[in-house]
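Visitor: Structure, please.
(one chain, ligands or ions: 1)
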Amino acid sequence: MSEVLLRATGLRLAFGGVRAADGIDLDVMKGEFLAIIGPNGAGKTTFINMTTGYLKPNAGEIAYEGRRITGMSPRAIVKLGIARSFQLPQLFLEHTVEQNVALAVAARMGIWSPLAPLLRPGHRDEARDILERFGLSAIADSRADALNEGARKLADIAMAVALKPRLLLMDEPTSGVAASEKMTIVETLVNVLRDAKVTAVFVEHDMDVVERFADRVAVWSQGRIAALGPPAEVLADPAVQREVIGIERHPAKEAPHA
Ligand SMILES: Nc1ncnc2c1ncn2[C@@H]1O[C@H](COP(=O)(O)OP(=O)(O)OP(=O)(O)O)[C@@H](O)[C@H]1O
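Guide: Down below sits the predicted model:
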């Protein structure tokens with residue numbers, strides 16, 4: 001039977017006159033891969049920021065494993081088992097990939113420092129193991145600033161996985177990744193997360209990725225959830241196709257004039 005891992009109830013957050021969250025109710029079920037889609041400015045990142053402690057909602061509540069986490073600090077939330085990756089990877093660019101992941105391992109153990117010399121051999125061993133799972137062993141010794149976008153995204157997610165989360169929120173894990181490598185990268189990612197029994201919520205603009213990898217998809221629109229369900233159902237909805245998919249599949253096309 002499905003179990004609720006994260007429950008958001010009545011989340012609201014306004015920036016001046018902009019309602020970035022306008023009554024969000026959402027249950028994330030244990031073990032699922034939930035995609036979030038929606039046009040630019042719909043409030044997708046705001047939801048991730050509220051869930052991970054980077055923003056505090058004006059109203060509403062977020063519960064994780066039945067415990068209220070609204071208003072907790074990002075670090076306290078990580079400790080409870082929620083990690084995130086960013087739209088723009090947050091790697092230490094002057095460090096190697098292995099050092100970056102090892103720093104995340106160290107952070108999990110309570111050492112929060114960007115100083116690689118503080119790392120212990122155990123941190124590095126674990127980092128190497130995680131990189132192997134991500135298929136990144138060959139670039140373990142490369143500096144983060146030398147990576148292409150696909151490798152950078154995976155390395156950023158490898159850092160989040162080093163925190164041993166039970167819930168991982170990913171903001172556009174495939175943005176900027178070359179179309180030719182996208183599916184391979186997501187496949188790797190999904191395999192690692194399923195093996196580690198991590199529940200995932202990911203913001204995604206590529207409907208092929210959503211169709212293939214998401215168990216459910218939530219459609220964000222003006223701070224609200226406009227539709228929620230299995231991808232085959234939701235993506236076939238004419239309103240969703242008109243308002244979201246049309247925009248995202250053909251971003252450069254203008255609407256025809258009446
Ligand atoms: N810290 C902030 N201060 C002011 N306005 C903000 C802030 N964060 C978000 N907003 C506004 O809230 C709205 C929702 O933004 P958000 O980044 O959550 O959208 P999004 O769906 O993630 O968009 P995108 O797909 O472009 O990343 C936007 O109008 C944005 O400009």
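Visitor: residues making contact with the host helix or strand of residue 130?
Guide: Element membership for residue 130, per DSSP states H and E: helix 121-133. With contacts defined as CB atoms under 8 Å, 6 or more residues apart in numbering, helix 121-133 is touched by 97-99, 101-106, 109, 137, 140, 158, 161-162, 192, 195. Using the backbone N, CA and C atoms, a C-beta is placed for each residue, glycine as well.
Visitor: Going through those, which ones are buried?
Guide: Burial by neighbour count, judged by 16 or more other CB atoms under 10 Å, picks out 97-99, 101-106, 140, 158, 161-162, 192 from the contacts of helix 121-133.
Visitor: Redo those residues as TSV? Include pLDDT and secondary structure.
Guide: Conversion of these to TSV gives the following (pLDDT from 0 to 100; DSSP: H, G, I helix; E, B strand; the rest coil):
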residue	pLDDT	secondary structure
97	95	helix
98	94	helix
99	92	helix
101	93	helix
102	92	helix
103	90	helix
104	90	helix
105	91	helix
106	88	helix
140	95	coil
158	93	helix
161	93	helix
162	93	helix
192	93	helix
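Visitor: Closest to residue 74 out of those?
Guide: For residue 74, the nearest member of the buried ones among the contacts of helix 121-133 is residue 104. The distance, counting by CB to CB, is 13.7 Å.
Visitor: Now for that closest one: which residues touch it?
Guide: When contacts are counted by CB under 8 Å, 6+ apart, residue 104 touches 127, 158-160, 162-163.
Visitor: tally of neighbours for residue 223?
Guide: Applying other CB atoms under 10 Å, we find 23 other residues in the vicinity of residue 223.
Visitor: ok so, going back, dump the buried ones among the contacts of helix 121-133 to CSV, plus distance to the ligand.
Guide: Rendered in CSV, the data for the buried ones among the contacts of helix 121-133 read as follows (distance: CB to the nearest ligand atom, whole Å):
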residue, distance to the ligand
97, 26
98, 30
99, 29
101, 26
102, 30
103, 26
104, 24
105, 29
106, 29
140, 31
158, 23
161, 23
162, 25
192, 24
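Visitor: From these, pick the one nearest residue 220.
Guide: Among those, and counting by CB to CB, the member closest to residue 220 is residue 161, at 25.2 Å.
Visitor: In contact with that closest one, which residues?
Guide: Residue 161 sits next to 83, 130, 134, 168, 192-193, 196, 198 when contact means CB under 8 Å, 6+ apart.
Visitor: just the buried members of those residues?
Guide: Using 16+ other CB under 10 Å as the burial test, the contacts of residue 161 include 83, 130, 134, 168, 192-193, 198 as buried.
Visitor: With respect to residue 67, which of those residues is nearest?
Guide: Within the buried ones among the contacts of residue 161, the smallest distance to residue 67 is 16.6 Å, found for residue 83 (CB to CB).
Visitor: Spatially nearest residue to the closest one (excluding sequence neighbours)?
Guide: In space, not counting the residues next to it along the chain, residue 83 is nearest to residue 165; the distance is 3.7 Å by CB to CB, 6 or more residues apart in numbering.
Visitor: Show me what from the protein comes close to the ligand.
Guide: Contact residues, the chain versus the ligand (CB under 6 Å from any ligand atom): 15, 18, 20, 38, 40-46, 220.
Visitor: so which one among the residues you listed has the lowest pLDDT?
Guide: When those are compared by pLDDT, residue 40 scores lowest at 90.
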